[in-house]
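Student: Below is the structure, and that's it, no one-letter string:
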């Protein structure tokens, strides 16, 4: 087509966004351009331009999502447009490889949409799609043309591989070709292969599906232990994979597979890697186009990077022989292996530059690359080199870096200096770089940003774009080479050449003869040009075979078993009475066309399958975790290293009284599902047996219910050097095994227990922070409380006028604020130092509190006084309270009076022997009297709202406040409980709260702690 479309955007660095865009169209190969802003909307800001790969007349434009969400569609090569509003923001598009109107759109909120009318109408397919992990079906492999492969993320941080048709992607019609969860960003669908990654226990496993067969685990050498894997190529029914192993950081090993992509063997170690502009990994491996089997690789050898070449897909590698002479014709003294030619193998990330290395299918044997001559690859003293015979010999064509493009199907070369300075000239060669003609393409030097050269363009037109100055407008320069090509090539304009590998004519099992244009013939090759003339098979030799999986190369051609590999062990799929192919240790290189010779000797031999007892039995969960949720499916996978899959009986005992049995492995390939109805730790046992033996595997599975809330129960005040009981209450109550992590003060390491309570002794006075974290499966919750630690203290229970209860929401924040108000009121009335008073308001109704009288913080003052001073402070506070002097205004018109509820609860507590470690009642008779007084008061008042306390409690936050006594639980009290004081002692009555204890007990009894039930 003669149409060229160009989209330009103006970026405002102050605003950090694109503020304007312009769309330009040419219909005469770039001679003239028309601005189309009025046809797309004068105020429309465009972000991307897409050309339909199957019908280049169809164009799609996307608006800038920061301004609006719309799409513009053209069916006449961009002459006119229709605009459609969208309800989502498109991040990227993927066109169907065959159907021109089918498009997938990935939105900014990670949803996948589909359209079957070239973007006019859209339908949501799925949410939570991993970026760039969705693929169209492959013709001839997938049954439906509208099938989509996609990686879907789940809320628990995992991903799944799903497929569905674009118009039938409901939950019931989706398919999961791989039953287990997979690693995020691991799905790759490429040609005949589908790849996924699953990490279990910190170790990654890779799986492959060949031609949509069932997934099989990829077999790398046993101790490669990969950290990372990248699929390099899937051409010619073989997988090239770069694997970073456990001991590598900036290099990768190259592995090549068999046809099915399962068994991989090492092709080269320590290939250099680097990071691209977008943070992507770049493996410095390059496949030469036009001739199969030729690869170039940059290998790190003793901290030096050297370039190697192979002609048989990685079986044999050698260094590149440097040119005999330099650009000026002077001899080059470069002796292998100490000196050789090294090339930069990174492909260009800019589509408008040629990159540092290039080759074309239409120009077999021609390779142009930037590099240097010396002991290692250099980034300073570089030039441009060319090979006309597939990398056997090289010549230098420039002593600086140049962009070199292929013109006329590879029949001519165009070069332009790669420099930040403005240029005016370019060079053209018709003899593969032996000579160059210089042409001026602009009268004013141009800062070149790139060049557009359509692959295989018969029009011989090149569009160069850039700026005359850093502030000038875009400049487009059309370079037309038609006048240089005087005529079309005839038979007399061609010559033949033989592909050799260091003089050996057999490359990849065949002799190949190519044709190319004679040097100096300025004729056009044309679309029907073919570089290959003759190919004939060769007799199979050693270099046509690589070592099979489990074997390693010793010397030039001998393959011997690795120390970890047992060649006598057949596949697990090999059943008694069947036959299998027993490897000789060699396999013919994929796509190698050799015949006869060593082929029969190295071909795998058929043998009968021996019966084998099961060995290496393993049972794992699909996600590799040892935790499952109660009421949800737990899926188990049974694996066996050796044995007969078809003749081995399998039994799986789930540990909860349920077991299942299978006659062979066929029904359980996708896993065995089971739902646990209760929480706990279950011993899952797998048992495999055939007539030759048996094996057993055990897994301990923790079945949990999600924890929702934890409350830390601690006393408000404790005595230094005295043990304190601390406990945690967890909701729901039946969660199975929980792990508790306790932090005290500034400690950086927790105390870990399986019990919900712990005893601790504080060695220093002051305010200490206690934090508990509770772990159940993947859930982790925590609570934090503070405790005041002192040498001695006294405490007093407080109650309030009933009007306070009307305004009590019974939440921790309110209780804390009320405590601060009471404290200020006491200080104001009594002048007792603020740091010697601590108020703790209890949960529940009626509202009650505890007053703690603490020793002075100042050590000097403490030495001057004694413990008896607290008695004076207590008396002062007691007098103020008894005279109703302590009151506060809760809100306008609501005056609250603070009363003494009972005599001193802890007369005086210190660190001497025989005393409790926390404030407790000493006289149970006092407790009985206090309770009786409160109950009589309560029932004599006949206040209407008393009777609805239990109902109100349901709607209020439940908080369990730890007692300062050593009993763990406050018992539920009813009137029938008040019989004899001895019975109260037997029941370990919590004596902390006196007037409020019955209400607290009711609070606990009216809100049932939920249990975790089956779903």
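Tutor: Right, received. Where do you want to start? If you're wondering where the values come from, they're calculated on a predicted model, not measured in any experiment. Numbering: from 1, shown residues only.
Student: Please report how far the closest residue to residue 185 other than its chain neighbours lies from residue 625.
Tutor: The shortest distance from residue 185 to any non-neighbouring residue, by CB to CB, 6 or more residues apart in numbering, is to residue 130 (5.5 Å). In short, each C-beta sits where N, CA and C put it, glycine included. According to CB to CB, to the nearest Å, residue 130 and residue 625 sit 20 Å apart.
Student: what helix or strand does the residue nearest to residue 185 sit in?
Tutor: According to DSSP states H and E, residue 130 maps onto strand 129-136.
Student: burial of the residue nearest to residue 185, as a residue count?
Tutor: Residue 130: 18 surrounding residues under other CB atoms under 10 Å.
Student: What score does it have for pLDDT?
Tutor: Note on residue 130: pLDDT of 96.
Student: what's the answer for residue 887, then?
Tutor: So residue 887 comes in at 91 (pLDDT).
Student: Kindly report the domain assignment for the protein.
Tutor: What the TED database lists as the domains of the chain is 222-270, 284-400, 412-484, 494-537, 542-609, 615-704, 709-790, 794-857+868-900.
Student: Quick one: closest of the ones you listed to residue 163.
Tutor: The minimum distance between residue 163 and the domains of the chain falls on domain 615-704, with 15.0 Å, by CB to CB.
Student: Can you give me the first-to-last residue distance of the closest one?
Tutor: 32 Å (CA to CA, to the nearest Å).
Student: Could you pull up the mean pLDDT of it?
Tutor: Averaging pLDDT along domain 615-704 yields 88.
Student: quick one on the thing from earlier: contacts only, for the residue nearest to residue 185.
Tutor: 110, 151, 152, 153, 159, 184, 185, 187 (CB atoms under 8 Å, 6 or more residues apart in numbering).
Student: repeat that with 10 Å
Tutor: 106, 110, 150, 151, 152, 153, 159, 182, 184, 185, 186, 187 (CB atoms under 10 Å, 6 or more residues apart in numbering).
Student: burial measure for the last one, as a count.
Tutor: To tie it back to what came earlier, the one meant is residue 187. Neighbours of residue 187 (other CB under 10 Å): 25.
Student: Am I right that it is in contact with residue 197?
Tutor: Yes: counting by CB atoms under 10 Å, residue 187 does reach residue 197; the two are 8.6 Å apart.
Student: returning to what we had before: can you list the strands that the strand holding residue 130 pairs with?
Tutor: Strand pairing for strand 129-136, using DSSP bridges, gives strand 147-153 (antiparallel).
Student: Off-centre distance for the partner strand?
Tutor: 16 Å (CA atoms, centre = their mean, to the nearest Å).
Student: same deal with stretch 818-833?
Tutor: Its chain's C-alpha centre and that of stretch 818-833 lie 56 Å apart, by CA atoms, centre = their mean.
Student: Quick one: mean pLDDT for that stretch?
Tutor: Here the average pLDDT along stretch 818-833 is 91.
Student: Low-confidence regions, this protein specifically.
Tutor: 455-459, 526-528, 532, 572-573, 734-735, 858-868, 902-1015 (pLDDT under 70).
Student: contacting residues around the residue sitting nearest the centre point of the chain?
Tutor: Centroid check for the chain by CA atoms, centre = their mean gives residue 184 as the closest residue, at 4.5 Å. Shown in contact with residue 184 (CB under 10 Å, 6+ apart): 130, 133, 151, 153, 154, 157, 158, 159, 197, 199.
Student: Could you give the number of residues near the third one?
Tutor: Using other CB under 10 Å, residue 151 has 25 neighbouring residues.
Student: repeat for the second one
Tutor: The tally of other residues near residue 133 (other CB under 10 Å) stands at 22.
Student: tell me the contacts of it?
Tutor: So residue 133 contacts 106, 112, 149-153, 159, 161, 182, 184-189 (CB under 10 Å, 6+ apart).
Student: any idea which of these is the one closest to residue 750?
Tutor: residue 184 (30.5 Å).
Student: mind checking the backbone torsions on the closest one?
Tutor: phi -70, psi 140 (degrees, to the nearest 10).
Student: Among the contacts of residue 130, which pair sits farthest apart?
Tutor: 106 and 182 (18.9 Å).
Student: re the thing from before, quick one: common contacting residues for residue 187 and residue 197?
Tutor: residue 159.
Student: Any idea what the closest residue to residue 759 other than its chain neighbours is bridged to?
Tutor: Residue nearest to residue 759 in three dimensions, not counting chain neighbours: residue 723, with 5.0 Å by CB to CB, 6+ apart. For residue 723, the beta-bridge partners are residue 761 (DSSP bridges).
Student: quick one: residue 552 from residue 223, how far?
Tutor: For residue 552 relative to residue 223 (CB to CB), the value is 12 Å.
Student: between these two, which one's more packed in?
Tutor: Using other CB under 10 Å, the more surrounded residue of residue 552 and residue 223 is residue 552, with 16 against 10.
Student: With adjacent residues omitted, what lies nearest to the more buried one?
Tutor: residue 562 (5.2 Å).
Student: so that neighbour makes contact with residue 220?
Tutor: No: with contact defined as CB under 10 Å, residue 562 does not reach residue 220; the gap is 11.7 Å.
Student: Are there residues contacting both of these two? Which ones?
Tutor: Joint contacts of residue 562 and residue 220 (CB under 10 Å, 6+ apart) are residue 549.
Student: the more surrounded of these two?
Tutor: Each of residue 562 and residue 220 has its neighbours counted (other CB under 10 Å); residue 220 has more, 23 against 16.
Student: What are the phi and psi values at the more buried one?
Tutor: phi -90, psi 160.
Student: which residues touch the nearest residue to it once chain neighbours are set aside?
Tutor: Excluding the flanking residues, the one nearest residue 220 by CB to CB, 6+ apart is residue 264, at 5.2 Å. Residue 264 is in contact with 206, 208, 218-221, 224, 229, 239-241, 243, 253-258, 549, counting by CB under 10 Å, 6+ apart.
Student: if you set the cut-off to 6 Å instead, what comes out?
Tutor: Counting by CB atoms under 6 Å, 6 or more residues apart in numbering, residue 264 touches 220, 255, 257.
Student: One more: residue 413?
Tutor: Here residue 413 is in contact with 404, 429 (criterion: CB under 6 Å, 6+ apart).
Student: related to what we said a few turns ago, ok, and the most crowded of the contacts of residue 184?
Tutor: Per-residue neighbour counts (other CB under 10 Å) across these peak at residue 151, which has 25 neighbours.
Student: for that residue, which residues make a bridge with it?
Tutor: With DSSP bridges as the rule, residue 151 is bridged to residue 161.
Student: Make sure it is actually in contact with residue 187.
Tutor: Yes: using CB atoms under 6 Å, residue 151 is in contact with residue 187, at 4.0 Å.
Student: Against residue 195, how distant is the closest residue to residue 262 other than its chain neighbours?
Tutor: The shortest distance from residue 262 to any non-neighbouring residue, by CB to CB, 6+ apart, is to residue 216 (5.2 Å). Distance, residue 216 to residue 195, using CB to CB: 11 Å.
Student: between these two, which one's more packed in?
Tutor: Neighbour totals were compared for residue 216 and residue 195, and residue 195 leads with 22 against 15 (other CB under 10 Å).
Student: Tell me which stretches of this protein form helices.
Tutor: Remark: helices assigned in the chain by DSSP state H are 37-40, 599-602, 812-830, 859-864, 869-882, 924-941, 949-954, 981-986, 997-1006.
Student: Would you pull up how far stretch 57-73 lies from the middle of the chain?
Tutor: 30 Å.
Student: List the contacts of residue 326.
Tutor: With CB under 6 Å, 6+ apart, residue 326 has these contacts: 332, 396.
Student: now swap in residue 830 and tell me
Tutor: 876, 877, 880.
Student: Format those residues as a markdown table; extra columns: neighbour count and distance to residue 648.
Tutor: Below are these laid out as a markdown table (neighbours: other CB atoms under 10 Å; distance: CB to CB, whole Å):
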| residue | neighbour count | distance to residue 648 |
| --- | --- | --- |
| 876 | 16 | 86 |
| 877 | 22 | 81 |
| 880 | 19 | 85 |
